[in-house]
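Undergrad: predicted structure and sequence below. I'll ask about it afterward.
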Amino acid sequence: MIARSSATSAVMLAVLAATAWFSIPERCFAQTDTTVTVPAAEPEAAPSPIAETPPQAAAPSAPKPATLAGNGGIGGQLGFGKIIGEGDYSEEAGLRFSFAGHWRYQMNSWLRWQFSPAFTWAGYDEKARAPFRDLNFPNDSTKAEYLTLLLPVTVQLQLTSRRGPWQFHLGLGSGAYRVWVQNRRKVLKDPVSLKLHRGIYPGASAQIGAERFLKALPSTSIEITLDGHYVLAQRDEQFPSGFNDKLMAVGLRVGGNYYFSPDRDKKPASGIAAP
């Protein structure tokens, strides 16, 4: 009886011990962390990259004198022109406006070339007799409504000389000249050949001039020129009735020029500077 009671008591103690074991919170049995936590080392600063040196802008250079080789120039002029010879072209011809433009290139300090289109024309006195009766206007006996128009396109070689702010030039060259004659704004027709009086003719030109460069704008100049043209405008088979002579014209004009260098400065190459 005592043995059975002891066994029963032992069983009861075992059940109570098991119940107490499982009722204890799990966190009470968590293993105590004895590991010493070492604070993480701060990351070392990354080595600074090699600094790139930005390309240095080229310092602005002083304006180049217009007489330096390689400089180009562009300009325009306005003035007066007159046909002075020969024959019917110049007889009783009056003074009229004249226009010209040009492109220049300085090959060295004393020589340049020039390409120049221009325009001039001539009107006539009402008392000047017409060389023949115009088929379109047979009642016109004078050149009062006649016009001779001249469109030269010339190329010249010019000698240049610089004296302080002044530059002088003397040029000679040749060109192509379009010449036509009108009566009452209609192209004149020869009564014999029935050809319209217009055509393109060869010719020669000469020019002398002086220009002064502005102090505030050394690449800009004011120029005055005197030029002359000699045109082989004679065609016997086309215009036997008149206006069939060599043509000579002169012009006095004033204008301005701008000079520049067509060469562009090369951009500096960007590189990596030494550390």
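TA: Yep, that arrived.
Undergrad: end-to-end on stretch 92-110?
TA: 40 Å (CA to CA, to the nearest Å).
Undergrad: mind checking how far it is from the chain centre?
TA: Relative to its chain's centre, stretch 92-110 lies at 20 Å (CA atoms, centre = their mean, to the nearest Å).
Undergrad: what does stretch 245-258 give?
TA: Using CA atoms, centre = their mean, the offset of stretch 245-258 from its chain centre is 25 Å.
Undergrad: doesn't L247 make contact with L150?
TA: Yes. Here L150 lies in contact with L247, judged by CB atoms under 8 Å, at a distance of 7.1 Å. Glycine gets a C-beta too; all of them are placed from N, C-alpha and C.
Undergrad: could you list the buried residues of stretch 199-217?
TA: 201, 203-207, 209-211, 213 (16 or more other CB atoms under 10 Å).
Undergrad: report the mean confidence score over the helix or strand containing I74.
TA: I74 is part of strand 72-85 when elements are defined by DSSP states H and E. Average pLDDT, strand 72-85: 95.
Undergrad: returning to that earlier point: next step: the buried residues of stretch 199-217 restricted to helices.
TA: Among these, DSSP state H puts none in helices.
Undergrad: kindly reformat the residues you listed as a markdown table containing distance to K189.
TA: Listed next are the buried residues of stretch 199-217 as a markdown table, based on distance: CB to CB, whole Å:
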| residue | distance to K189 |
| --- | --- |
| Y201 | 18 |
| G203 | 24 |
| A204 | 29 |
| S205 | 29 |
| A206 | 33 |
| Q207 | 34 |
| G209 | 39 |
| A210 | 44 |
| E211 | 44 |
| F213 | 50 |
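Undergrad: okay, now the sheet partners of the strand holding I74, with direction.
TA: Using DSSP bridges, the strands paired with strand 72-85 are strand 96-106 (antiparallel), strand 247-260 (antiparallel).
Undergrad: do you know which of the ones you listed lies nearest D88?
TA: Comparing the strands paired with strand 72-85 by their distance to D88 (CB to CB), the top pick is strand 247-260, with 9.9 Å.
Undergrad: pLDDT weak spots in this protein?
TA: Applying pLDDT under 70 to the chain flags residues 1-67, 263-275.
Undergrad: list the contacts for D134?
TA: Listed by CB atoms under 8 Å, 6 or more residues apart in numbering, the contact set of D134 reads 140, 183, 188-189.
Undergrad: go again using 7 Å as the cut-off
TA: 140, 183, 188 (CB atoms under 7 Å, 6 or more residues apart in numbering).
Undergrad: and it, what are its phi and psi?
TA: As for D134, its main-chain torsions (degrees, to the nearest 10) stand at phi -70, psi 130.
Undergrad: swap in P218?
TA: phi -70, psi -10.
Undergrad: look up how far W166 lies from it.
TA: Using CB to CB, to the nearest Å, P218 is found at 13 Å from W166.
Undergrad: neighbour count for those two, which is higher?
TA: When P218 and W166 are compared for neighbours, P218 comes out ahead with 15 against 12, by other CB atoms under 10 Å.
Undergrad: strands along the stretch 1-150 of the chain, start to end?
TA: Per DSSP state E, counting those that start in this stretch, the stretch 1-150 of the chain carries strands over the ranges 72-85, 96-106, 111-123, 146-163.
Undergrad: could you dump these to JSON lines with mean neighbour count and distance to E223?
TA: Output for the strands of the stretch 1-150 of the chain, formatted as JSON lines (neighbours: other CB atoms under 10 Å; distance: least, CB to CB, whole Å):
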{"stretch": "strand 72-85", "mean neighbour count": "18", "distance to E223": "7"}
{"stretch": "strand 96-106", "mean neighbour count": "18", "distance to E223": "10"}
{"stretch": "strand 111-123", "mean neighbour count": "19", "distance to E223": "12"}
{"stretch": "strand 146-163", "mean neighbour count": "18", "distance to E223": "12"}
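Undergrad: can you add distance to G242 and give those strands back as JSON lines?
TA: Listed next are the strands of the stretch 1-150 of the chain as JSON lines, based on distance: least, CB to CB, whole Å:
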{"stretch": "strand 72-85", "distance to G242": "15"}
{"stretch": "strand 96-106", "distance to G242": "21"}
{"stretch": "strand 111-123", "distance to G242": "15"}
{"stretch": "strand 146-163", "distance to G242": "11"}
